[in-house]
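K.L.:
Okay, predicted coordinates and the sequence, questions at the end:
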Amino acid sequence: MADTTDTTADGGAAAGASWDNEQSEVLLDYYRQMVLIRTFEQTASEMYKRAKIGGYCHLNSGEEATVVGLMAALERRDYLFTNYRDHGYALCRGMEPGAVMAELFGKSTGVARGLGGSMHMFDTEVRMLGGYGVVGGQLPVATGAALALTYRGEAGTEAEALMCQLGDGTTNIGAFHESLNLAAIWDLPIVYVIVNNRLGMGTSVEAASGEPELYKRGASYRMEGDRVDGNDVVAVREAAAAAMHRARTERKPFLLEAMSYRLKGHSVVDPERYRSSESSEEAKESDPLPAMRDWLLAQGVLDEDKADQIESDADQQVDDAVSFADSSPDPDPADLFDYSYATDVANAPHTLPGEPVVEMP
């Protein structure tokens, strides 16, 4: 749904705007998604500390408005690639909370059958093709997928496009520049989205980047770009939707930077000793969830009872997801190599460690 109202950095559309019922429902849905992501991530942190989740675990807490706004800009036919901070994207793209939680638990009912874990959400049905654990690992693959889209037909309103999400630290690796260069010279239908939470793991963007306004880096490849307030879900949606529309209709890449915060450390186990108290306080004051709640209340779109019900519903959804994951079976070791390749490959692995080597028939 197109929205033409002015937006501010205070959690939504400009104060005093009038909303019809359809617009109000859209805003409420955005808020529901944001609450679900926050509740899911808080529970994921708890489950990690209970040793229910292994490996690494990176949370979207504080980035909910950015996540929801970006996903609202995608159409069902579009493709999505993300980095390892991917739980919220999976939920918004349409994966069931139980299947996402089961994947975190390493269960066979997970979205990647328990073989991927936190950093590798994947579901071809909703066209989310990762979740990549290696910093920048998604960039060359997403760029290649965008090239593949150009073989499916001409640009136009019905064309497919692709969004590739990355973090601010990724802009300093070679694959970032190589991918943008190829996207520019091949006119690929891809939107690269930098979620700038101001800290590439533990180093500030200003300390790590000669050009800290990261969207400007696309200018080296004559690629258009823009920066948007990542705490304003509507502003993010509008900026991303415009970029995706351009990618579909003109086959032109775009570099979008969403300014956001993460409320927690780089991962669940990060003690954040590098972060000043001022930085932590700034992130808390910029939290998009209470800002969105207060704004919706002020506009009369939301009341206290409905707000409490939304939070209660999210709690129940996540509790059910944990119960589903807890009761799900572990993957069968015999199936370990079933999905190593999409098609049969000569000399593919077929034995577990310690088993005798058997010649392939």
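P.N.:
Good, I have the coordinates. All of these numbers come straight from a predicted model, not from anything done at the bench.

K.L.:
Strands of the chain, start to end?
P.N.:
Using DSSP state E, the strands of the chain run over residues 79-81, 122-123, 128-129, 162-167, 190-196, 199-200, 203-204, 225-229, 254-259.

K.L.:
Take those strands and lay them out in a markdown table including mean neighbour count.
P.N.:
Placement of C-beta: from N, CA and C, glycine included. Output for the strands of the chain, formatted as a markdown table (neighbours: other CB atoms under 10 Å):
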| stretch | mean neighbour count |
| --- | --- |
| strand 79-81 | 25 |
| strand 122-123 | 20 |
| strand 128-129 | 22 |
| strand 162-167 | 26 |
| strand 190-196 | 28 |
| strand 199-200 | 22 |
| strand 203-204 | 15 |
| strand 225-229 | 20 |
| strand 254-259 | 26 |
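
K.L.:
how about TSV for those, with mean pLDDT and distance to Asp330 added?
P.N.:
As requested, those are exported to TSV (pLDDT from 0 to 100; distance: least, CB to CB, whole Å):
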stretch	mean pLDDT	distance to Asp330
strand 79-81	98	28
strand 122-123	96	19
strand 128-129	98	24
strand 162-167	98	30
strand 190-196	98	33
strand 199-200	90	35
strand 203-204	92	38
strand 225-229	98	42
strand 254-259	98	37
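
K.L.:
Make CSV out of the ones you listed and add distance to Gly354.
P.N.:
Output for those, formatted as CSV (distance: least, CB to CB, whole Å):
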stretch, distance to Gly354
strand 79-81, 36
strand 122-123, 29
strand 128-129, 33
strand 162-167, 38
strand 190-196, 42
strand 199-200, 40
strand 203-204, 42
strand 225-229, 52
strand 254-259, 47
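
K.L.:
among these, which is nearest Val141?
P.N.:
Go through these one by one with CB to CB and the one that ends up closest to Val141 is strand 79-81, at 6.6 Å.

K.L.:
can you list contacts of that closest one?
P.N.:
The contact list for strand 79-81, computed with CB atoms under 8 Å, 6 or more residues apart in numbering, reads 71, 74, 89, 93, 127-130, 132, 138, 141-142, 145, 149, 160-165.

K.L.:
How far away from the center of its chain is it?
P.N.:
What separates the centre of strand 79-81 from the centre of its chain is 9 Å, taken as CA atoms, centre = their mean, to the nearest Å.

K.L.:
next one: stretch 316-335
P.N.:
Taking CA atoms, centre = their mean, one finds stretch 316-335 lying 22 Å from the centre of the chain it belongs to.

K.L.:
Enumerate the positions of it that are buried.
P.N.:
Within stretch 316-335, the residues that count as buried by 16 or more other CB atoms under 10 Å are Gln317, Val318, Ala321, Val322, Phe324, Ala325, Ser328, Pro331.

K.L.:
Got the phi and psi for the last one?
P.N.:
By that I understand Pro331. phi -60, psi 150 (degrees, to the nearest 10).

K.L.:
going forward, begin numbering at 52 instead of 1
P.N.:
All right, first residue 52 from here; so that's Pro382.

K.L.:
Isn't it up against Arg164?
P.N.:
Yes: taking CB atoms under 8 Å as the definition, Pro382 is a contact partner of Arg164 at 6.2 Å.

K.L.:
which residue packs closest to the residue most central in space within the chain, ignoring adjacent ones?
P.N.:
Here the mean C-alpha position of the chain is nearest to the C-alpha of Tyr140 (CA atoms, centre = their mean), at a distance of 3.7 Å. Nearest in space to Tyr140, with sequence neighbours left out and distances taken as CB to CB, 6 or more residues apart in numbering, is Thr133 at 5.1 Å.

K.L.:
before we move on, what about Arg344?
P.N.:
Closest residue to Arg344 apart from its sequence neighbours, by CB to CB, 6+ apart: Ala358 at 6.0 Å.

K.L.:
can you list the weak-confidence ranges in the protein?
P.N.:
Counting by pLDDT under 70, the chain shows low-confidence ranges at 52-70, 408-412.

K.L.:
80 instead?
P.N.:
Judged by pLDDT under 80, the chain has its weakly predicted residues at 52-72, 204-208, 400-412.

K.L.:
Let me see the ranges of the helices in it.
P.N.:
Shown for the chain, the helices assigned by DSSP state H span residues 72-100, 115-124, 138-144, 148-155, 189-200, 225-237, 256-259, 284-301, 328-336, 339-350, 355-378.
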